[in-house]
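need coordinates for the below:
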Amino acid sequence: MYQKPNKRLLGQTCIVTGASSGIGAAVAQAIGQEGANVVINYHTHEDTANEVAEKIRSFHPDAKAMIFKADVSKESDVEAMFEATIKTFGTVDILVANAGLQQDAATHEMTLDQWQKVIDINLTGQFLCARSAIREFLRRGPRPEVSCALGKIIHMSSVHEIIPWGGHVNYAASKGGINMLMQSLAQEYGPQKVRVNSIGPGAIKTPINLSARDSPEKRAKLMEVIPYKRIGVPSDIGSVAAWLASDESDYITGTTIFVDGGMTCYPGFSENG
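Numbers count the residues shown, from 1 in each chain. So this is what the prediction gives:
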């Protein structure tokens, strides 16, 4: 459930990658509720991207949203997306680098294509988007009338940036890489007042992890690793993203906020300490 908006992001523009469904759609809507212009990046589902844009436009009379098709693993696509955003809205203030995918296999059976596809989208795509965002922040300069920070970048990571995940080595490696990407950017551009953080979702009700909860047995097994005893919903992530993009979190940079019901507390040790 979204909180009542307080327009913390009025006058700002945000790009959300992979925003046509799931966590990305929830993030786009939460940020749109806070008054920002939102660019909804998608790769294959134009119809659902348009639905997200229409939802954002319904929040208040001046709400603005546009969709943009881009493959975030392609440098030219990312640069075109930023150019179109700047042409339409004047600048970019916030990036939520969310686009990601899984291609699971036992490591000894994983193909190079499966490895490379996940790394290209989940890690290289986040680098390309962050680089374009930082270039725009530095070109544009401060806008103290809308934000304390020069710009804000939020990387979508996972609990698997710190929890190993056998059978998903490409995904876990990409998320571990995001952690170092995020921290290195925060260190490098902190002096210019660019804030860079990550959100690490746990089990969230999205299509990407449907197979982990599609039976009572699998759901019960999943509950064993979640102390809070519920599966998250996309709006749990959207609410955190909107807050991280706002000046309320201005002194937070270089960190991952885990939104996981306590999964990173390693509940398997609760009775074996």
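
now the strands for this protein?
Taking DSSP state E as the test, the strands found in the chain are 13-16, 37-42, 65-69, 94-97, 151-156, 194-201, 256-259.

just checking, what packs against the worst-scoring helix or strand of the chain on mean pLDDT?
Within the chain, confidence by mean pLDDT, DSSP states H and E is lowest for helix 216-223 among all helices and strands, at a mean of 89. Helices and strands touching helix 216-223, as assessed by 3 or more C-beta pairs under 8 Å, 6 or more residues apart in numbering; DSSP states H and E, are absent. Yep, even glycine has a C-beta here, placed from its N, CA and C like the rest.

list the contacts for V27?
Contact analysis of V27 by C-beta atoms under 8 Å, 6 or more residues apart in numbering lists V16, A19, V96, N98, M156, P234, I237, G238, A241, A242.

with G268 instead?
Residues near G268 by C-beta under 8 Å, 6+ apart: E224, V225.

switch the cut-off to 6 Å
With contact taken as C-beta atoms under 6 Å, 6 or more residues apart in numbering, G268 is in contact with no other residue.

do W243 as well
W243 neighbours (C-beta under 6 Å, 6+ apart): S249.

for P227, see how far away it is.
Separation of W243 from P227 (C-beta to C-beta, to the nearest Å): 22 Å.

which residues of the stretch 101-250 of the chain fall in helices?
112-119, 125-140, 169-189, 216-223, 234-244 (DSSP state H, counting those that start in this stretch).

tell me the most buried of these?
Stretch with highest mean neighbour count among the helices of the stretch 101-250 of the chain: helix 234-244 (a mean of 22; mean count of other C-beta atoms under 10 Å).

tell me how far that helix is from the chain's mean position?
Computed by C-alpha atoms, centre = their mean, to the nearest Å, the chain-centroid distance of helix 234-244 equals 9 Å.

rounded mean pLDDT for it, please.
Taken as a whole, helix 234-244 carries a mean pLDDT of 98.

okay, that helix in CSV with CA atoms only?
Output of helix 234-244 as CSV, limited to C-alpha atoms (Å, rounded to 0.1, in the frame of the first residue of the first chain):
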residue,chain,number,x,y,z
PRO,A,234,6.3,-4.2,-5.2
SER,A,235,5.0,-1.2,-3.4
ASP,A,236,7.2,-2.1,-0.4
ILE,A,237,10.1,-1.3,-2.7
GLY,A,238,8.4,1.7,-4.3
SER,A,239,8.0,3.5,-1.0
VAL,A,240,11.7,3.1,-0.1
ALA,A,241,12.8,4.3,-3.6
ALA,A,242,10.6,7.5,-3.3
TRP,A,243,12.1,8.2,0.1
LEU,A,244,15.7,7.5,-1.0
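
low-confidence ranges in the chain?
1-5, 208-214, 272-273 (pLDDT under 70).

where's E79 relative to C129, distance?
10 Å.

nearest to N50, out of the helices of the stretch 101-250 of the chain?
helix 234-244 (18.1 Å; C-beta to C-beta).

just want the angle from that closest one to strand 194-201.
With axes from the mean of the first three to the mean of the last three C-alpha atoms, to 10 degrees defining the directions, helix 234-244 sits at 160 degrees from strand 194-201.

I23 reaches P234, doesn't it?
Yes: between I23 and P234 there is a contact under C-beta atoms under 6 Å: 5.0 Å.

JSON lines for the helices of the stretch 101-250 of the chain, including distance to H45?
Converted to JSON lines, the helices of the stretch 101-250 of the chain look like this (distance: least, C-beta to C-beta, whole Å):
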{"stretch": "helix 112-119", "distance to H45": "18"}
{"stretch": "helix 125-140", "distance to H45": "17"}
{"stretch": "helix 169-189", "distance to H45": "21"}
{"stretch": "helix 216-223", "distance to H45": "26"}
{"stretch": "helix 234-244", "distance to H45": "15"}
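
so which of these gets nearest S73?
So among the helices of the stretch 101-250 of the chain, helix 125-140 is nearest, using C-beta to C-beta, at 4.8 Å.
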